[in-house]
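K.L.:
Give the three-dimensional model of this entry:
(one chain, ligands or ions: 1)
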Amino acid sequence: MKLIVEKDYQGLSKRAADIIREEMNRKPDLVLGLATGSTPVGMYKELIRFHKEEGLDFSKVTTFNLDEYVGIDKGNPNSYHYYMKDVFFDHINIKPENTYIPDGNAPDLEKHCKEYDRLIEEKGGIDVQVLGIGENGHIAFNEPDDELNVGTSIVKLTQSTIEVNSRFFDSIEDVPKFAITMGIGSIMKARKILLLANGIRKSNVIKELLKGDKISTRLPASILLLHPDLTVIVDEEAYNG
Ligand code: F6R
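P.N.:
Model (predicted):
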């Protein structure tokens with residue numbers, strides 16, 4: 001594991017975007033795994049700036065998002081479909097047909113999950129996967145449990161995740177109870193992983209992860225310690241608490 005500690009959120013965002021730009025320069029048809037949530041917003045802003053100011057070209061890039069709520073409309077401002085367009089895709093020259101996000105309204109969800117993993121394989125696998133981390137150690141929506149899913153699956157969100165995510169919804173009752181998420185195996189197959197964490201709220205889980213001595217399904221992010229190309233980028237608040 002490579003650890004990068006940046007002074008603040010701006011530094012973390014710039015560093016993550018720099019790494020993605022480097023990878024895109026190396027491979028213009030990069031397959032990029034993307035996350036939503038608060039953490040990567042600054043990284044997306046930097047990538048948009050690279051596109052606008054330096055002509056960073058996304059026309060050959062393919063993206064796969066980690067997750068989506070079940071039973072939420074794509075046009076709902078709380079859907080991850082909406083987020084991705086709003087925060088990133090509408091501001092770069094990516095082709096909409098090259099952007100993949102699980103469909104939480106698919107008629108056959110189980111089948112859709114299998115197809116999602118198959119599609120990732122068909123596109124050659126994910127080159128760089130960007131991840132945030134939950135305060136409870138989840139990655140994507142792989143929540144702490146006795147066992148974790150290998151492939152893309154439907155999962156029940158924990159009460160703590162529902163509470164944390166309720167900040168984006170009008171009320172906690174509006175937060176969906178289920179999500180589709182890439183599994184731990186789907187994530188681990190990515191050739192390179194960037195895990196980002198900022199702010200004091202993440203300091204406990206980052207401290208636990210950086211001990212680096214144990215993996216546990218109770219701390220899903222700890223499985224990433226087995227990945228041969230993991231870079232963890234944190235700011236000083238997440239690092240020092
Ligand atoms: C988002 C995702 C989640 C978040 C995590 C951290 O696609 O998969 O695992 O990365 O919940 O969320 P933030 O960044 O809002 O603290």
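K.L.:
what's near enough to touch the residue positioned nearest the centre of the chain?
P.N.:
What sits nearest the mean C-alpha location of the chain, by Cα atoms, centre = their mean, is Ala35, with 2.5 Å. Taking Cβ atoms under 8 Å, 6 or more residues apart in numbering as the criterion, Ala35 is in contact with Asn65, Leu66, Val130, Leu131, Gly132, Ala140. Using the backbone N, CA and C atoms, a C-beta is placed for each residue, glycine as well.
K.L.:
Now do the same for it: its pLDDT.
P.N.:
With respect to pLDDT, Ala35 scores 98.
K.L.:
Same check on Ser160?
P.N.:
So, for Ser160, pLDDT stands at 89.
K.L.:
any idea what the residue nearest to it when sequence neighbours are not counted is structurally, helix, strand or coil?
P.N.:
Of all residues not flanking Ser160 in the chain, Asn136 sits nearest, at 5.4 Å (Cβ to Cβ, 6 or more residues apart in numbering). Secondary structure, DSSP: H, G, I helix; E, B strand; the rest coil: Asn136 is coil.
K.L.:
Pull up the residues of the protein that are close to the ligand.
P.N.:
The chain comes close to the ligand at residues 35-39, 66-67, 132-134, 138-141, as judged by Cβ under 6 Å from any ligand atom.
K.L.:
Dump the contacts of Ala35 into TSV; add distance to Asp18 as well.
P.N.:
Below are the contacts of Ala35 laid out as TSV (distance: Cβ to Cβ, whole Å):
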residue	distance to Asp18
Asn65	22
Leu66	22
Val130	13
Leu131	17
Gly132	18
Ala140	24
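K.L.:
Out of those, flag the one nearest to the ligand.
P.N.:
Gly132 (2.5 Å; Cβ to the nearest ligand atom).
K.L.:
what's the nearest residue to that closest one if we skip its chain neighbours?
P.N.:
Gly132 sits nearest to Thr39 (Cβ to Cβ, 6+ apart), 3.9 Å away.
K.L.:
same deal with Met188?
P.N.:
Among residues not flanking Met188 along the chain, His227 sits closest, at 6.0 Å (Cβ to Cβ, 6+ apart).
K.L.:
swap in Ile162?
P.N.:
Using Cβ to Cβ, 6+ apart, the closest residue to Ile162 is Val175 (4.8 Å).
K.L.:
related to what we said a few turns ago, who are the contact partners of the residue nearest to Ser160?
P.N.:
Under the criterion of Cβ under 8 Å, 6+ apart, the neighbours of Asn136 are Glu143, Pro144, Thr158, Ser160, Thr161, Val205.
K.L.:
Can you select the buried ones among those for me in PyMOL?
P.N.:
Here is the PyMOL command that picks out the buried ones among these, judged by 16 or more other Cβ atoms under 10 Å:
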select buried, resi 143+144+158+161+205
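K.L.:
hang on, the earlier thing: tell me the confidence at the residue nearest to Gly132?
P.N.:
98.
K.L.:
That one: what's it in contact with?
P.N.:
Shown in contact with Thr39 (Cβ under 8 Å, 6+ apart): Gly132, Ile133, Leu196, Ala197, Asn198.
K.L.:
would TSV of the contacts of Asn136 with secondary structure be doable?
P.N.:
Formatted as TSV, the contacts of Asn136 follow (three-state DSSP):
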residue	secondary structure
Glu143	coil
Pro144	coil
Thr158	coil
Ser160	helix
Thr161	helix
Val205	helix
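K.L.:
Pick the one among the contacts of Asn136 closest to the ligand.
P.N.:
Here the nearest of the contacts of Asn136 to the ligand, counting by Cβ to the nearest ligand atom, is Thr161; it sits at 6.9 Å.
K.L.:
returning to what we had before: how much space separates the residue nearest to Met188 from the ligand?
P.N.:
From His227 over to the ligand the distance is 16 Å, taken as Cβ to the nearest ligand atom, to the nearest Å.
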